[in-house]
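Enquirer: what follows is a protein structure lacking sequence information:
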Ligand SMILES: CC(=O)SCCNC(=O)CCNC(=O)[C@H](O)C(C)(C)COP(=O)(O)OP(=O)(O)OC[C@H]1O[C@@H](n2cnc3c(N)ncnc32)[C@H](O)[C@@H]1OP(=O)(O)O
């Protein structure tokens, strides 16, 4: 299979073998940029922003990603404006990861597009498929959550810490657990209280 066909299969959810010198060489280019990003000093915010722009497929205004960041590619991840990612965001972005604007990631979140067949022989040959992940505007993903291949999370939704998100989650809900399920809609109570019985005292 030539590089063009491998890349087409990588993008489109079909099975392929992620081997071949050309593919590995291309990936190595992004790994070098990521290495530099993770070696920056705390005060080198400007340099980090420039490296993020070189690494990602697209990045909006005022995104802030705490190092260390981990990514299999980087170039298949697209961020909107004002995205904040705490330490150890892990992007298995063999297919596209689309992240909206104003999205927040707690520490140690994993977003994975890649999977392997359960069938042992194909898996022993490293067969792989990738399914795009979509995270809507203004989503907050709690610490340690894992977002699995093919998942779409609707805008404004909150994913609780430690959740394993195996299926799509709609917009405007709080969802958590393993497997992650919708627990409630965001509504009136959330306009009054920011945490349990603590009232909001900010405009
Ligand atoms: C960008 C950053 O860096 S953020 C820093 C990291 N911070 C985080 O990751 C915090 C993430 N926050 C959470 O997970 C929160 O618990 C939220 C936002 C999901 C809370 O949602 P709320 O609907 O307000 O839940 P509330 O606190 O009222 O708890 C309701 C119930 O859900 C349970 N619950 C809350 N969060 C979770 C969770 N992540 N997993 C499982 N159960 C949970 C509570 O124990 C409680 O159970 P009970 O009814 O049996 O008493």
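Expert: In hand now; what should we look at? Nothing here was measured: the structure is a model prediction, and the numbers come from that model.
Enquirer: from now on I want contacts and neighbour counts done on CA atoms only, so please keep to that.
Expert: OK.
Enquirer: identify, by residue count, the longest helix of the protein.
Expert: Assignment by DSSP state H gives helix 21-38 as the longest helix of the chain.
Enquirer: next one: residue 181 from the ligand, what distance?
Expert: Look at residue 181 and the ligand: by Cα to the nearest ligand atom, to the nearest Å, they are 10 Å apart.
Enquirer: what is the burial count for that residue?
Expert: For residue 181, the neighbour count with other Cα atoms under 10 Å is 20.
Enquirer: so it makes contact with residue 175?
Expert: Yes: counting by Cα atoms under 8 Å, residue 175 is a contact partner of residue 181 at 5.2 Å.
Enquirer: residues that sit against both of those two, list them.
Expert: residue 169 (Cα atoms under 8 Å, 6 or more residues apart in numbering).
Enquirer: dump the residue contacts of residue 178.
Expert: 162-165.
Enquirer: what does it show for phi and psi?
Expert: Torsion angles at residue 178 (phi, psi; degrees, to the nearest 10) stand at phi -130, psi 110.
Enquirer: now do residue 138
Expert: Torsion angles, degrees, to the nearest 10, at residue 138: phi 60, psi 30.
Enquirer: ok, it - contacts?
Expert: Taking Cα under 8 Å, 6+ apart as the test, what residue 138 contacts is 100-104, 155-157.
Enquirer: for stretch 153-172, measure first residue to last.
Expert: 10 Å (Cα to Cα, to the nearest Å).
Enquirer: ok, stretch 181-198 next?
Expert: 25 Å.
Enquirer: now it, how far from the centre of its chain.
Expert: 25 Å (Cα atoms, centre = their mean, to the nearest Å).
Enquirer: so what touches it?
Expert: Contacts of stretch 181-198 (Cα under 8 Å, 6+ apart): 157, 169, 172-176, 199-200.
Enquirer: now stretch 128-137: average pLDDT?
Expert: Here stretch 128-137 scores 98 as its mean pLDDT.
Enquirer: does residue 167 really touch residue 134, like I thought?
Expert: No: counting by Cα under 8 Å, residue 167 sits too far from residue 134 to count as a contact (11.6 Å).
Enquirer: higher neighbour count, those two?
Expert: Counted by other Cα under 10 Å, residue 167 and residue 134 do not tie: residue 134 has more neighbours, with 21 against 16.
Enquirer: that one belongs to a strand, doesn't it?
Expert: Yes: with DSSP: H, G, I helix; E, B strand; the rest coil as the criterion, residue 134 is assigned to a strand.
Enquirer: mind giving me the packing neighbours of the helix or strand of the chain with the lowest mean pLDDT?
Expert: None of the helices or strands of the chain scores lower by mean pLDDT, DSSP states H and E than helix 3-12, at a mean of 91. If you count contacts as 3 or more Cα pairs under 8 Å, 6 or more residues apart in numbering; DSSP states H and E, helix 3-12 packs onto strand 129-130.
Enquirer: give me the contacts around the strand it packs on.
Expert: Identification of contacts with strand 129-130 by Cα under 8 Å, 6+ apart yields 9-16, 94-95, 113-117, 149-150.
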